[in-house]
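Engineer: Mind looking at a prediction? Sequence and model below.
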Amino acid sequence: MSRALDIIALILTIIGAVNWGLIGLFNFDLVAVLFGNMSLISRIVYVLVGISGLYLITFFWKIGMDADRD
């Protein structure tokens, strides 16, 4: 289960990063275009991306623990 959660969080964070890149480069919010500007679905996507980013902070500890094993 943890591996599946890691993959889902990584995919959602990549989606968020691509969306922010599009906003920064072209002022184009893909999530808003697909689901509506601040619609319920787009807000859920934004929240899931944010939670995924926070979850991925735990990767620092996982990386550190792996480095300690070497």
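Structural biologist: Happy to help now that I have it.

Engineer: now the helices for the protein?
Structural biologist: In the chain, the helices defined using DSSP state H lie at 2-26, 30-35, 40-56, 58-69.

Engineer: now these as JSON lines including mean pLDDT?
Structural biologist: As requested, those are exported to JSON lines (pLDDT from 0 to 100):
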{"stretch": "helix 2-26", "mean pLDDT": "96"}
{"stretch": "helix 30-35", "mean pLDDT": "96"}
{"stretch": "helix 40-56", "mean pLDDT": "96"}
{"stretch": "helix 58-69", "mean pLDDT": "79"}
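
Engineer: any chance of those helices in CSV, plus mean neighbour count?
Structural biologist: From N, CA and C alone the C-beta is placed, and that goes for glycine too. What follows is the helices of the chain, written out as CSV (neighbours: other Cβ atoms under 10 Å):
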stretch, mean neighbour count
helix 2-26, 13
helix 30-35, 16
helix 40-56, 15
helix 58-69, 9
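
Engineer: What separation do you get for Ala17 and Leu40?
Structural biologist: Taken as Cβ to Cβ, to the nearest Å, the spacing of Ala17 relative to Leu40 amounts to 23 Å.

Engineer: Kindly report the same for Ile7.
Structural biologist: The spacing between Ile7 and Leu40, counted by Cβ to Cβ, is 25 Å.

Engineer: Wait, Ile23 touches Ala32, no?
Structural biologist: No. Judged on Cβ atoms under 8 Å, Ile23 makes no contact with Ala32 at a distance of 9.3 Å.
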